[in-house]
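*Asks:* need a structure here:
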Amino acid sequence: MEAAIRKEAQRDLRTGDTKSMLQDKYKKYMKEDGIHFVPVWRIVGFSGANMAVNLYMGLTMIMSFYLNGYVGMAVILASSFSTITRLWDGVTDPIVGYFVDRFKETEKLGKTRLCLIMGGLLLFINSFLMFNVTDRLPEGALRPAFFILFTAIYYIGYTFLNISNHVGNVCLTNDPAQRPILSIVGTVLVRIMRAMMQMVIAGLAVKYGSMKSAELFHEYWLYVSVIATIGIVIAYVSIIPKDVPFFSETSQKEKKNIRFSDYLGVLKNNRPLQMLIVARATDQFSNTCKTSAITLVLYGIVVGNYELSGGWTLYTTIVGLVMMTLGIGAIGSRLGLKKAMQVGSWGVIVFDTIAVLIWTLMDPKTLSLPGFVNGYGEAFNGFTAFTVALFLVTVIGGGFQMITSSIIPPMIADVNDYEASRTGKYIPGMVGTVFSFMDKLISSFGPTFVGIGFALIGFKEAFPDLNTAYSHSLLIIAIVFYYGLELLGAVFNVIAMKFYELSPEKMKAVEAKIYEMRKDNA
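*Replies:* Coordinates of the predicted model:
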């Protein structure tokens, strides 16, 4: 009996020593009241994962041209396929999220690193098969069957990589002064990369003469896969010291029992999550309607020079990013993330309305930038009234729009902390995938709506291309899907934020409660 007592005491001593060693090991990342932080360079590095997600998403945004040109799908079917795949993406979210939260992480392999590895490998391999092999297969039923199979696996990889952002943002930092930085750095990197890749797409379309060129997809895939892989590797290295149980559990004594039924509790009882779903899903619906076909119509047909889309995006993005950084830095850090979302949404409503008036009342063919010809084939000879007006509205309105979209990741991290304080369970995989599932369920119909819109004005078999003649109906379709739906989404944001309760004061109480849980269960 005495021997057993001594043995148990020795085990408790060893456990206490191990616990003390762990606390000392991570002490350099801790502040008072449970606040933990990370060097800024690690935030910058981890944003490589978000960049990779957006690069692979961009690859699917031009997928309809490949489907229409090589897989053998007509316009509405190609657009509907995008809807179906996004719904499938949503279905995989809760399954993968449940798996990730039940994964027994260790010091050597945490949940975030698991998702980065799985997501990176699945996306690289399957995107290669989709866009480099399909068009080389014999025409007929084999092509769509092959493409559909590997697209299904592709989206499982996309889900893993997307979850890595949700899980990583929670364990990376909960410092209110740093969480807005997650948005600033991630958005700057993603927007600059998106602008550059739009220039690449426009250049490739001109180089190969059509968006339906197989060579265009082969070359574009290479750029996307290489850059995305580099981003994933950098993110992996950056998250290593924080992707450990110490920063992702409320109890070090025992693993909380996680059930699939927890999804219903999260969705039913987490009001901040519900409001965030409303705001994000309506925004994403409008974003998924901004397909490459809509961009081509706006710049390639209405403006008359598709190459201008890349240059225009780069010019306006840089200035817009400055506005977004100032907006999130000043509003998010001082007044909270909720206030940043409200200010950004009102800005979108005002400036999108002005943009619609500019496109309809002025001459889009006079859009002029240094190094490009305008829609009339004239070389740059100074900035026109249309260019100046649209530039001002685009950079200011785009800055506000960037605030509303980029503020979402730290808001999800806040929602995760709120859920942990409410239930005692840190389940970032489940919370993140409930959010993304509902987001994708609602927004997945965007491409289908675009396809129906084109079909209604006569484009039933093929999308408009660079050689399509201008028509007033094309201008209306482009404006509705590029600006109108985004404006409507901003209205929903304003309404949703009235019921979003996670103010800065509320979050201080949440973090303090989680800290007490950890102390009581240490």
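
*Asks:* Now do the end-to-end distance for stretch 365-377.
*Replies:* Taking C-alpha to C-alpha, to the nearest Å, stretch 365-377 runs 9 Å from one end to the other.

*Asks:* Show me where the chain has its strands.
*Replies:* With DSSP state E, there are no strands along the chain.

*Asks:* residue contacts, the residue nearest to the spatial centre of it?
*Replies:* Against the mean C-alpha coordinate of the chain, by C-alpha atoms, centre = their mean, the closest residue is residue 54 at 5.9 Å. With contact set as C-beta atoms under 8 Å, 6 or more residues apart in numbering, residue 54 has these partners: 190, 193-194. Just so you know, the C-beta spots here come from the backbone N, C-alpha and C atoms, and that holds for glycine as well.

*Asks:* Quick check: the gap between it and residue 194.
*Replies:* Look at residue 54 and residue 194: by C-beta to C-beta, to the nearest Å, they are 7 Å apart.

*Asks:* swap in residue 50?
*Replies:* From residue 50 to residue 194 the distance is 11 Å (C-beta to C-beta).

*Asks:* Show me which of these two is the more surrounded one.
*Replies:* Per other C-beta atoms under 10 Å, whichever of residue 50 and residue 194 has more neighbours is residue 50, with 27 against 19.

*Asks:* I'd say the more buried one and residue 188 touch.
*Replies:* No: the pair residue 50 / residue 188 is not scored as a contact, 10.7 Å apart, by C-beta atoms under 8 Å.

*Asks:* Just the mean pLDDT for stretch 272-287, thanks.
*Replies:* Mean pLDDT, computed over stretch 272-287, is 88.

*Asks:* what sits against residue 488?
*Replies:* With C-beta under 8 Å, 6+ apart, residue 488 has these contacts: 282, 286.

*Asks:* separation between the nearest residue to residue 390 once chain neighbours are set aside and residue 392?
*Replies:* Spatial nearest neighbour of residue 390, excluding adjacent residues (C-beta to C-beta, 6 or more residues apart in numbering): residue 358 at 5.4 Å. Per C-beta to C-beta, residue 358 is found 10 Å from residue 392.

*Asks:* Could you do residue 465 as well?
*Replies:* 31 Å.

*Asks:* Which single one of the contacts of residue 54 is nearest to residue 428?
*Replies:* Nearest to residue 428 among these: residue 190, at 20.6 Å, using C-beta to C-beta.

*Asks:* Mind pulling the model confidence for the closest one?
*Replies:* pLDDT at residue 190 comes out at 81.

*Asks:* What distance do you get for the nearest residue to it once chain neighbours are set aside to residue 64?
*Replies:* Nearest residue to residue 190, sequence neighbours excluded (C-beta to C-beta, 6+ apart): residue 54, at 4.8 Å. Counting by C-beta to C-beta, the separation of residue 54 from residue 64 is 18 Å.

*Asks:* what's around the spatially closest residue to residue 55 that is not a sequence neighbour, how many residues?
*Replies:* The shortest distance from residue 55 to any non-neighbouring residue, by C-beta to C-beta, 6+ apart, is to residue 228 (4.5 Å). Using other C-beta under 10 Å, residue 228 has 27 other residues around it.

*Asks:* Please apply the same query to residue 461.
*Replies:* Using other C-beta under 10 Å, residue 461 is surrounded by 10 other residues.

*Asks:* Start the count at 15 instead of 1 going forward.
*Replies:* In the new numbering, first residue 15, that becomes residue 475.

*Asks:* so what pLDDT did it get?
*Replies:* 79.

*Asks:* Quick check: which ranges of this protein have low pLDDT?
*Replies:* Where the chain drops to pLDDT under 70, the residues are 15-38, 47, 86, 88-90, 92-93, 263-271, 334-335, 337-349, 532-536.

*Asks:* Distance check, the closest residue to residue 70 other than its chain neighbours against residue 201.
*Replies:* Closest residue to residue 70 apart from its sequence neighbours, by C-beta to C-beta, 6+ apart: residue 137 at 5.2 Å. To residue 201, residue 137 is 21 Å away according to C-beta to C-beta.

*Asks:* Between these two, tell me which one has more neighbours.
*Replies:* More neighbours surround residue 137 than the other of residue 137 and residue 201, with 28 against 23 (other C-beta under 10 Å).

*Asks:* so that one touches residue 173, yeah?
*Replies:* No: look at residue 137 against residue 173 with C-beta under 8 Å: they stay out of range, at 10.1 Å.
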